[in-house]
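K.L.:
no sequence on this one, just coordinates:
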C-alpha cells in the first residue's frame, strides 16, 4: 500500500514542487487513513479520505490549474502486484 502512496506523491510533486509543510500534511493524511483501515474503522477512514481528497483537490486546482494533465504511465514506474 505504501508503494502506491509513494508513487502518487512522486507523480503529484514531480509536476508541482511542494514545500515541506504540504508534503508533511499529505504524508500525515495517508498515514492516518492507513491507521483507520488497519483498525477496521470504516467511518473514520471515510471521513479521513474525504478530507484528504478535498485538501488534495484544492491543492491541485490552485497549484496546477484545472486543465493540467499528469500522464501516470510516463511518470510512474510499472506497478508491482
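P.N.:
On my side now, so go ahead. Keep in mind that what you see is a predicted model, and the values were worked out from it rather than measured. Residues are numbered from 1 along each chain as shown.
K.L.:
okay, CA-based contacts and neighbour counts for the rest of this
P.N.:
Noted.
K.L.:
for residue 32, phi and psi?
P.N.:
With angles defined as degrees, to the nearest 10, residue 32 sits at phi -60, psi -40.
K.L.:
give me the neighbour count for residue 45.
P.N.:
19 (other CA atoms under 10 Å).
K.L.:
contact partners for it?
P.N.:
By CA atoms under 8 Å, 6 or more residues apart in numbering, the residues touching residue 45 are 33, 34, 36, 37.
K.L.:
quick one, strands of this protein?
P.N.:
Using DSSP state E, no strands are found in the chain.
K.L.:
that older thread, who wins for most neighbours among the contacts of residue 45?
P.N.:
Within the contacts of residue 45, neighbour counts (other CA under 10 Å) peak at residue 33, which reaches 21 neighbours.
K.L.:
circling back to that earlier point, nearest to residue 58, of the contacts of residue 45?
P.N.:
residue 33 (18.7 Å; CA to CA).
K.L.:
pLDDT at that closest one, what is it?
P.N.:
With respect to pLDDT, residue 33 scores 93.
K.L.:
likewise the one 5 residues further on?
P.N.:
Residue 38 is assigned 96 on the pLDDT scale.
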